[in-house]
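K.L.:
show me how the following folds:
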Amino acid sequence: MKENYQDILALLPYGPNFCFVDELLELNEEGVIGQYRFAEDAPFYADHFPEDPITPGVLLLECMAQIGLVCLGIYLLKEELQEVPKIAFSSSKVNFYQLHRPGELLRVEAKKKLFRLQQLRVTASAYNEAGDLVAKAELAGMWTKKNSHDAGK
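P.N.:
Numbers count the residues shown, from 1 in each chain. Here you go, the predicted model:
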């Protein structure tokens, strides 16, 4: 039976208009595979090269980070989490190889490089529906399991 990872998706700290994760296909201690279909009528396409719209690179990177860092991080910390985690995206190095068009599916595959002291580093690759590499990135993020400003109270 295929696991749907709804418990992980329920902990994502994003509202419906800024969540770029539709489905997690695989998730384990070493990495994650997930996907998101960018809606053909998403408002940003009207103004991002209106004559020939493409998905903004910053949103491709956000999708890669949400799947590769946030979903994987929640999975790795799931036994310790009691609430939606607070996450800080700390660094990225990204290369783009293909344009991504409105309505296209983006599949993200991320592999863990480092996980310690609540910091996660991954290498992430994003592919279009044809299996062509769209972007590749090294991403890092960190988070707190509890409000750090509450620690001294």
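
K.L.:
now for the strand or helix carrying residue 9, which elements pack on it?
P.N.:
Using DSSP states H and E, residue 9 sits within helix 6-10. Other helices and strands packing on helix 6-10, by 3 or more Cβ pairs under 8 Å, 6 or more residues apart in numbering; DSSP states H and E, are strand 23-28. For glycine as for every other residue, the C-beta is placed from the backbone atoms N, C-alpha and C.

K.L.:
direction included, what does the strand it packs on pair up with?
P.N.:
Neighbouring strands of strand 23-28 in its sheet, by DSSP bridges, are strand 31-37 (antiparallel).

K.L.:
which other residues reach the helix holding residue 9?
P.N.:
Contacts with helix 6-10, where a contact means Cβ atoms under 8 Å, 6 or more residues apart in numbering, come from 21, 24, 27, 71, 74-75, 78.

K.L.:
please pick the buried ones from these.
P.N.:
Neighbour counting by 16 or more other Cβ atoms under 10 Å classes 21, 24, 27, 71, 74-75 among those as buried.

K.L.:
next, format the residues you listed as CSV and append pLDDT.
P.N.:
Formatted as CSV, those follow (pLDDT from 0 to 100):
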residue, pLDDT
21, 98
24, 98
27, 97
71, 95
74, 91
75, 92
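
K.L.:
so how far is residue 96 from the residue nearest to residue 3 when sequence neighbours are not counted?
P.N.:
Distance criterion Cβ to Cβ, 6 or more residues apart in numbering; nearest residue to residue 3, sequence neighbours excluded, is residue 27 at 7.8 Å. For residue 27, the distance to residue 96 equals 25 Å [Cβ to Cβ, to the nearest Å].

K.L.:
ok, now how distant is residue 51 from residue 45?
P.N.:
Computed as Cβ to Cβ, the residue 51 to residue 45 distance reads 11 Å.

K.L.:
between these two, who's got more neighbours?
P.N.:
With neighbours defined as other Cβ atoms under 10 Å, residue 51 and residue 45 compare such that residue 45 has more, 19 against 4.

K.L.:
from the buried ones among the contacts of helix 6-10, which is closest to residue 40?
P.N.:
Nearest to residue 40 among these, counting by Cβ to Cβ, is residue 21 at 18.2 Å.
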